[in-house]
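Peer 1: Got a sequence here, can you build the structure:
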Amino acid sequence: MTAQLLRTAEELRSAGADGRTRAVVMTMGALHEGHATLVRTARQHVGEDGEVVVTVFVNPLQFGPNEDLKRYPRTLDADREVAEEAGADTVFAPSVDEVYPGGEPQVRISAGPTGERYEGATRPGHFDGMLTVVAKMLHLTQPAAAFFGQKDAQQLVLIRRMAADLNFPVEIVAVPTVREPDGLALSSRNRYLSPSERQSALALSRALFAGRDARHGGPDAVRAAARAVLDGADGLVLDYLALIDPTDFTDAAPGHTGPAVLAVAAKVGSTRLIDNVPLDFGGVQ
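Peer 2: Coordinates of the predicted model:
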């Protein structure tokens, strides 16, 4: 099966006229096995009679003034191959003018207080831009379900909140983080790491796994175990290590029970990486 490449909203509307159940996987391109896992999960969800659409769009609203939009990799031919092999029917790769025909939109979706914490504090406005384009893509693709990776935990929380608060008729499905055999979370940014930087980056997942292994000791034990790994690591500059309540992305209290997210962000060389693991205190892991 060859995945059709569509460039305009009109082409997408025409392609969806057959009434099949549609699932969407939204990406900014530079697809890797993590994205392929999202596509395969979407295919399983809708079945062979459904339709899986992969969007490829480098969203300028998500890039701050100190982030290089032009540097972001654009590999559409390779992306189409990855999407097709994973089971996608359609790759929707619109231009910036197609998505924002009047220029940068004056009306945008606000991520609210949750979007100002952690990643939002480091990248002001990032989540507003992300939610704005996700909302537009949901309107354009009209899916029954949309699939997002757990690696971007704060993004996932905000998309779910937007869908609930604004009554989007779509199921938001979370897909577990895909990792290399050595534990490094797959990311389009990994291509920027030198061999030595990649070795340094492994401290992030090691810290998360150490915290996860200490969860039976409670939140303080989780934080201490993860911190001990990072304190002994070389070659990275820590932005944050946090145990987070996923309902609103605030710090989990010492007596926190239920779901939590242990999250980390750091710079390795000039590359900023994020990672997390989901935990459960007092529930079934």
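Peer 1: end-to-end on stretch 93-107?
Peer 2: 23 Å (C-alpha to C-alpha, to the nearest Å).
Peer 1: Okay, buried residues for it please.
Peer 2: By neighbour count with 16 or more other C-beta atoms under 10 Å, stretch 93-107 contains the buried residues 93, 94, 98, 99, 100. Placement of C-beta: from N, CA and C, glycine included.
Peer 1: likewise stretch 75-88?
Peer 2: For stretch 75-88, using 16+ other C-beta under 10 Å, the buried residues are 79, 80, 82, 83, 84, 86, 87, 88.
Peer 1: Please report phi then psi for the closest residue in space to the fourth one that isn't next to it in sequence.
Peer 2: Counting by C-beta to C-beta, 6 or more residues apart in numbering, residue 54 is the residue found nearest to residue 83 once chain neighbours are left out, at 4.3 Å. Per-residue torsions, residue 54: phi -110, psi 120 (degrees, to the nearest 10).
Peer 1: Tell me, how many residues neighbour residue 54?
Peer 2: 32 (other C-beta atoms under 10 Å).
Peer 1: Could you give the bridge partners of it?
Peer 2: residue 25, residue 91 (DSSP bridges).
Peer 1: Can you tell me which of the buried residues of stretch 75-88 end up in helices?
Peer 2: Of the buried residues of stretch 75-88, the ones assigned to helices by DSSP state H are 79, 80, 82, 83, 84, 86.
Peer 1: about what we covered before: distance to residue 109, pLDDT and secondary structure for the buried residues of stretch 93-107 - can I get that in CSV?
Peer 2: Formatted as CSV, the buried residues of stretch 93-107 follow (distance: C-beta to C-beta, whole Å; pLDDT from 0 to 100; DSSP: H, G, I helix; E, B strand; the rest coil):
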residue, distance to residue 109, pLDDT, secondary structure
93, 22, 97, coil
94, 19, 97, coil
98, 19, 95, helix
99, 14, 96, helix
100, 14, 95, coil
